[in-house]
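*Asks:* Build the 3D model from these lines:
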Amino acid sequence: MEIKELLKKVAEGTVSVDEAVLELKKAPFEDLGFAKPDYHRTVRQGVAEVIYGAGKTPDQIEKITRSLMEHGQKTVLITRMSKEAAEYVSTKISATGQKFQYDSCSKIGIAGEIPKPDGLGKVVVATGGTSDMPVAEEAALTAQALGNEVVRIYDVGVAGLHRLLSHAEELMSAQVVIAIAGMEGALASVIGGLVDCPVIAVPTSVGYGAAFEGLSALLSMLNSCASGVSVVNIDNGFGAGYMASMINHISEKES
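*Replies:* From the prediction side, this is the model:
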């Protein structure tokens, strides 16, 4: 039972104080032997635990997912998930009557329901090229799974600046923009000079030899002269989507 729901039931008189205390005393995590799912992550951070799928077996991912869902987590996001793991988890989760979807481009798996958008505005995800789409979709689906309306603007890199400018209205009306690019990573600086909202830059490992697997784009973005540009790690679409969601939900903390 979620903490807010529990407190509401106490206020309504449908759950006694002693029952509520007993519920709260339950361990905030469970030791599965190979993992310790964190059931109180939402209470502390506002966002439930996300599973990093790389390096985990399909069985481990399924057991962690099922454990989180059994303890009230309605949406479980799994990043860097292999196709084989997705097929295994899908079979197991579907057998319990729960939904499961997998995107092979981003390697994102989502168990349960994708929540309705409840953020302040829109999160715009823009890429320099089509090759940046796997990272972009990781960012976009992460933001969607965390309750955000996402607008995708792909293949609008600086090699054809008119393509980006044709989306000026969408960019300027965004609450936060995620700018994803490899090569020299110039897209973030250009967008940063157009908008009045935070820009989260994501360097990708796309590029020829001197791109050094994303290092050139990372350094360019870190040295951006556009104000309001912050940078996450190379290919870290998840981190960008998560941060964008926090920015887009900031008013909830103030209210």
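*Asks:* Residues touching the helix or strand hosting Thr91, excluding its own?
*Replies:* Assigned by DSSP states H and E, Thr91 belongs to helix 83-95. The contact list for helix 83-95 (Cβ atoms under 8 Å, 6 or more residues apart in numbering) reads 53, 56-59, 61-62, 65-66, 69, 78, 81, 99-100, 102, 104, 109, 111. In this view, the C-beta of every residue, glycine as well, is placed from N, C-alpha and C.
*Asks:* Just those residues: which are in helices?
*Replies:* Residues of those located in helices (DSSP state H): Pro58, Asp59, Ile61, Glu62, Thr65, Arg66, Met69.
*Asks:* Buried ones among those residues?
*Replies:* Burial by neighbour count, judged by 16 or more other Cβ atoms under 10 Å, picks out Pro58, Ile61, Glu62, Thr65, Arg66, Met69 from those.
*Asks:* Can you say which two of those are spatially most distant?
*Replies:* The largest distance within those, taken as Cβ to Cβ, falls between Pro58 and Met69 and amounts to 16.3 Å.
*Asks:* now the helices: where do they sit in the protein?
*Replies:* In the chain, the helices defined using DSSP H lie at 3-12, 17-25, 41-45, 58-70, 83-95, 133-145, 161-165, 168-172, 187-192, 215-222, 237-248, 250-254.
*Asks:* By neighbour count, which bits of the fifth one are buried? Give me those.
*Replies:* For helix 83-95, the buried set under the neighbour-count rule, 16+ other Cβ under 10 Å, comprises Ala85, Ala86, Tyr88, Val89, Ser90, Lys92, Ile93.
*Asks:* Now do the contacts for Gly207.
*Replies:* So Gly207 contacts Gly182, Met183, Glu184, Glu213, Gly214, Ser216, Ala217 (Cβ under 8 Å, 6+ apart).
*Asks:* again, only this time at 7 Å
*Replies:* Gly182, Met183, Ser216 (Cβ atoms under 7 Å, 6 or more residues apart in numbering).
*Asks:* so which of those comes closest to Glu19?
*Replies:* Minimum distance to Glu19 across the contacts of Gly207 is 54.5 Å, recorded for Gly182 (Cβ to Cβ).
*Asks:* Could you give the number of residues near that closest one?
*Replies:* 28 (other Cβ atoms under 10 Å).
*Asks:* Identify the residue spatially nearest to it, adjacent ones excluded.
*Replies:* Val206 (2.9 Å; Cβ to Cβ, 6 or more residues apart in numbering).
*Asks:* Once you drop chain neighbours, what's closest to Ser106?
*Replies:* Glu137 (3.5 Å).
*Asks:* pretty sure the one you found is touching Lys107, no?
*Replies:* No. Counting by Cβ atoms under 7 Å, Glu137 does not reach Lys107; the two are 8.9 Å apart.
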